[in-house]
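Peer 1: Below are the sequence and a predicted model for it; my questions follow.
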Amino acid sequence: MAVLLSLGVIAALAQTPSPNTAEMTSRDAPATFSTKVNLVMVPVVVRDSKGKAVGTLRKEDFQLFDKGKPQVISKFSVEKAGETRIPAEVASDDATLENAAPAAAAKTPAPIAQRFVVYLFDDVNTHTSDLVQARDAADRHLSESLDATTRAAIFTTSGQGNVDFTDDHAKLHEALMKLMWRPTMGAPGTECPDISYYMADLIQNKNDTMALHAAAQEVLATCDPPSPGETAQQAEQMAEIIVRGTAARVVSLGERDTRLALTVLVDAIRRLSAAPGDRSLIFVSSGFYLTEDLRFDETDIMDRAIRANVRISSLNARGLYVLIPGGDASTRASAGGPNVMNLKSQYQRDSALEEEGVLEELADATGGRYFHNNNDLKAGFTLVAAAPEFVYVLGFAPQNLKLDGTYHALKVKLINSRGLDLQARRGYYAPKHLADPAEDAKREIQEAMFSRDELQDIPVELHVQFFKSSDVAAKIAVLARVDVKSLRFRKADGRSDDDLRVFSGLFDRNGNFISGMEKVVELRLRDATLEKLLNSGVTVKTNFDVAPGSYVIRLVVRDAEGQTMSARNGVVEIP
């Protein structure tokens, strides 16, 4: 018979057990794991000449370089789209699971969400005309692609009109139709001098004398012509003061909007990380400019997404566009002569490339796709929403990494490319300080719980049962039977010691986390008891009070001595 542990809280025992010390105790505890060496993770997608992902490569086929220096690939895995399912234990009712296996389920559960997609619309940096085209295309795309196991959410950088994960197309349609451009910097061309965020950064942060002179000439020609008796040098100096003031203001406003977009991206990744299934983020934007100081935040977003198995794809809402020198009809004409106009046109082109580059970098770094220079946005949504069939994840530990915040360019090569096209993360920024071990531990726990991967390092049986006490109340019983044969016990004072951490999480049908519970099982076993448990195993029981409905159970078990982990899934349909 399996040993059923008490659900109550039992005090932890002293390190040196007395003859009367209990051999097994169970207690509630903070959710912490020991931390691991920080790896730089590099997702790689390899496609053939027809654009089809290739999944037959091995670790030996890849070469990885950090700042041109070859690195040892210490972690290698291949993720296959659609491979993570819910091969779940289906709950039964009216059975006594402590002593018997559950009876067959009375009915087939309703489909449970297995794929989660956040559609993040950048309504701060994307003009109305582009946003309208994108939202209409997204609406048509969702009406065709939203199936029983997919949940979609609508987020905006302004934070207005968000809709959390749902399979209700009417709610998604309503949110999409409310999208509109919500600028915070004002319309372009309304200030004098008219300085873009890109040009202001050149002046304010990079001390670009050409940009400063061009803007000063515009001031002299339009905003503040020289006063009578004022020398050319004096006029130029006064114009430069005006330009520097304007540049400082534009940089401040631009950084505020960019930080807003980056913060919302982090929030979207955090929300997806709590979604129990395949996770995708589709970023719809015209792009935005990043100053050097904000590149660290971009790297952090990439790292967060990779750790949380979130694939970021980007769709450029501009579609196929042509830059008009000096701006369109709504933009005030540049002054200062043809040289100033030509220089500002060059800055306009450079700025557009930088803004687009951010969208491409986020997609490349996380294994996503980037759709641009095409007006068929409906086809674009179909492309970026499709998961690559295979994604290779290479991990390496940088040697002698300096905490100086410098940029490290990455390069991934194939030993034999054979005409294959390779998409991989381009680089990362070194940290400026050591990571907080407590935060790393919390992140590791979250990644294990908010996943759908089935892990079998420790043989674990999951049994789920429900009991209905009324038409509006029920109880779910989760039983984890752990096979102790594979545990790595530590011998101390004549006993076999190990600690088991058992996490049980409850999710609704849309993948929303409802409740969770952690139990720490302290094993201090005499030889005779261990011999018995080798045959029976250890059983831990957890109860949840719920209302009738569809639920997903996530069970994660980890042992302290061997630092191995197992994870199982359960499905509950309570009529």
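Peer 2: Thanks, I have it. Numbering: from 1, shown residues only.
Peer 1: Contact partners for His408?
Peer 2: The neighbours of His408, taking C-beta atoms under 8 Å, 6 or more residues apart in numbering as the test, are 66-67, 398, 427-430. Glycine gets a C-beta too; all of them are placed from N, C-alpha and C.
Peer 1: Any idea what it is bridged to?
Peer 2: On the basis of DSSP bridges, His408 is bridged to Tyr428.
Peer 1: if I read this right, Ala214 contacts Val340, doesn't it?
Peer 2: Yes. Assessed by C-beta atoms under 8 Å, Ala214 is found in contact with Val340 at 4.8 Å.
Peer 1: Show me which of these two is the more surrounded one.
Peer 2: Ala214 (27 against 19; other C-beta atoms under 10 Å).
Peer 1: Would you mark the buried spots in stretch 266-285?
Peer 2: 268-269, 271-285 (16 or more other C-beta atoms under 10 Å).
Peer 1: Filter the residues you listed down to the ones in helices?
Peer 2: 268-269, 271-273 (DSSP state H).
Peer 1: okay, those in CSV with distance to Gln346 and pLDDT next?
Peer 2: Converted to CSV, those look like this (distance: C-beta to C-beta, whole Å; pLDDT from 0 to 100):
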residue, distance to Gln346, pLDDT
Ala268, 34, 95
Ile269, 35, 93
Arg271, 40, 90
Leu272, 39, 90
Ser273, 41, 83
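Peer 1: coming back round to it: for the contacts of His408, which single residue is the most surrounded?
Peer 2: That'd be Tyr428 among these, by other C-beta under 10 Å, with 24 neighbours.
Peer 1: residues contacting that one?
Peer 2: 40, 299, 302-303, 407-408, 410.
Peer 1: Restricted to helices, list those.
Peer 2: Judged by DSSP H, those include 299, 302-303 as members of helices.
Peer 1: which among those residues gets closest to Lys80?
Peer 2: Met302 (22.0 Å; C-beta to C-beta).
Peer 1: Per-residue confidence, that closest one, what does it come out as?
Peer 2: In the prediction, the pLDDT value recorded for Met302 is 92.
Peer 1: ranges for the strands of the stretch 401-550 of the chain?
Peer 2: 407-414, 421-424, 427-429, 455-456, 460-468, 474-482, 490-492, 495-508, 513-525, 538-546, 549-559 (DSSP state E, counting those that start in this stretch).
Peer 1: Neighbouring strands of the longest one in the sheet, and parallel or not?
Peer 2: So that's strand 495-508. strand 490-492 (antiparallel), strand 513-525 (antiparallel), strand 549-559 (antiparallel).
Peer 1: circling back: by neighbour count, which of the ones in helices among the contacts of Tyr428 wins?
Peer 2: Taking other C-beta under 10 Å as the neighbour criterion, Met302 ranks highest of the ones in helices among the contacts of Tyr428 with 24 neighbours.
Peer 1: so Asp164 is in which element?
Peer 2: Taking DSSP states H and E as the criterion, Asp164 maps to strand 163-166.
Peer 1: Can you pull the domain assignment for the protein?
Peer 2: Taking automatic domain parsing as the reference, the chain has its domains at 3-30+454-574, 40-81+388-436, 115-186+244-385.
Peer 1: how far is the longest one from where the chain is centred?
Peer 2: Relative to its parent chain, domain 115-186+244-385 has a centroid offset of 15 Å by C-alpha atoms, centre = their mean, to the nearest Å.
Peer 1: and if you look at the second one?
Peer 2: For domain 40-81+388-436, the distance from its own C-alpha centre to the chain's C-alpha centre is 18 Å (C-alpha atoms, centre = their mean).
Peer 1: weakest of the strands of the stretch 401-550 of the chain in terms of mean pLDDT?
Peer 2: Between the strands of the stretch 401-550 of the chain, the lowest average pLDDT goes to strand 455-456, which shows a mean of 76.
Peer 1: Partner strands of it, with direction?
Peer 2: Here strand 455-456 is paired, per DSSP bridges, with strand 565-574 (antiparallel).
Peer 1: So which residues of the stretch 1-150 of the chain form helices?
Peer 2: Listed in chain order, the helices of the stretch 1-150 of the chain (DSSP state H, counting those that start in this stretch) span 128-145.
Peer 1: Flag the shaky bits of it, pLDDT-wise.
Peer 2: 1-21, 27-38, 81-111 (pLDDT under 70).
Peer 1: wait, Ser504 sits on Lys541?
Peer 2: No. Look at Ser504 against Lys541 with C-beta under 8 Å: they stay out of range, at 9.4 Å.
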